[in-house]
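Enquirer: need a structure here:
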Amino acid sequence: MTLALSLAALMFAAAGCLSKPSFDCAVAPGPDQTEPGIGSQGGVPLGSADCGDQSLVGLGFTLTRENMPNQRTTITATLRCAPVSYRGRSETGATKNVRVPGGSEQNVDGPFFGDCPDGQVVIGLAAHIVGQGGVFNSIAVKCAALDPMGRPIGNVTEISVTATGSEPAEVSANCTADGVLHGLEATGGNQLDRIALRCTHPSCKP
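Expert: From the prediction side, this is the model:
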């Protein structure tokens with residue numbers, strides 16, 4: 001195929017998607033790519049969860065009810081999933097919560113949620129590491145809008161999950177370029193020691 005024909009094919013594909021009155025920006029099916037996360041290297045694998053054919057638009061966390069040590073720490077995470085569509089602008093549909101396997105501690109509060117603004121999706125998170133053990137609290141959710149092709153664009157919106165603490169964030173983890181968060185993979189024991197990001201690339205779904 002000549003260069004001219006290749007360019008014409010690309011322009012036709014882009015115009016066809018952009019000319020549709022509406023389309024869904026949804027995660028592509030198939031396995032996600034695991035990216036670095038937040039926490040320590042301790043604990044045992046607990047499992048993972050993702051949003052299936054929907055987008056991740058918020059995150060929730062339970063925390064210890066008692067101070068351990070002098071600060072509450074994260075025990076479980078919950079995904080907030082929803083369809084995201086583009087009709088002149090990105091819009092978030094009805095949400096559902098999907099729990100990620102987590103620590104076994106039962107004396108907890110929450111989950112406390114940080115939700116992205118309408119039409120935005122989660123691309124990463126930040127947190128404060130407690131002591132030397134690697135457990136964490138004071139979580140912030142990082143969100144971004146999607147362009148008409150389903151790729152993250154523009155400035156990052158950081159939403160603090162205020163009930164998880166107010167210590168300054170020391171560590172952060174983000175999906176790579178053009179990637180968005182689709183799920184989490186957990187490691188832990190009594191508490192949640194680590195969450196690894198499971199990222200994917202959203203696309204314009206007809």
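Enquirer: pLDDT below threshold where in the protein?
Expert: 1-32, 67-70, 88, 204-206 (pLDDT under 70).
Enquirer: which parts of it are helices?
Expert: In the chain, the segments counted as helices under DSSP state H are 3-18.
Enquirer: grab the nearest non-local neighbour of Gly93.
Expert: Pro83 (4.1 Å; C-beta to C-beta, 6 or more residues apart in numbering). Using the backbone N, CA and C atoms, a C-beta is placed for each residue, glycine as well.
Enquirer: what is the burial count for the one you found?
Expert: 18 (other C-beta atoms under 10 Å).
Enquirer: ditto for Glu158
Expert: With other C-beta under 10 Å as criterion, Glu158 counts 15.
Enquirer: partners of it in the sheet?
Expert: Assessed by DSSP bridges, Glu158 has beta-bridge partners Lys142.
Enquirer: and Leu192, what are its bridge partners?
Expert: Gly188.
Enquirer: looks like it contacts Ala186 (just checking).
Expert: Yes: counting by C-beta atoms under 8 Å, Leu192 does reach Ala186; the two are 6.1 Å apart.
Enquirer: so those two - more neighbours on which side?
Expert: Higher neighbour count among Leu192 and Ala186: Leu192, with 30 against 24, using other C-beta under 10 Å.
Enquirer: residues that sit against both of Leu192 and Ala186, list them.
Expert: Residues within reach of Leu192 and of Ala186 at once, by C-beta atoms under 8 Å, 6 or more residues apart in numbering, are 77, 102.
Enquirer: I figured Phe112 hits Arg72, correct?
Expert: No: counting by C-beta under 8 Å, Phe112 does not reach Arg72; the two are 10.3 Å apart.
Enquirer: name the residues contacting each of those two.
Expert: In contact with both Phe112 and Arg72: 63, 164, using C-beta under 8 Å, 6+ apart.
Enquirer: who has more neighbours out of the two?
Expert: Set side by side, Phe112 and Arg72 show more neighbours around Arg72, with 22 against 17, by other C-beta under 10 Å.
Enquirer: backbone phi and psi for that one, please?
Expert: phi -70, psi 150 (degrees, to the nearest 10).
Enquirer: for it, which non-adjacent residue is closest in space?
Expert: Closest to Arg72 by C-beta to C-beta, 6+ apart is Leu63, at 4.2 Å.
Enquirer: that neighbour: what's it in contact with?
Expert: 72-75, 108-110, 112, 137, 163-165.
Enquirer: quick one: which of the residues you listed is most hemmed in?
Expert: Counting by other C-beta under 10 Å, top hit in those: Thr74 with 31 neighbours.
Enquirer: look up how far Asn97 lies from it.
Expert: Look at Thr74 and Asn97: by C-beta to C-beta, to the nearest Å, they are 16 Å apart.
Enquirer: check the offset of stretch 156-168 from the chain's centre.
Expert: Distance, stretch centre to chain centre, for stretch 156-168: 14 Å (C-alpha atoms, centre = their mean, to the nearest Å).
Enquirer: next one: stretch 165-174
Expert: 15 Å.
Enquirer: buried residues, it. List them.
Expert: 165, 169, 173-174 (16 or more other C-beta atoms under 10 Å).
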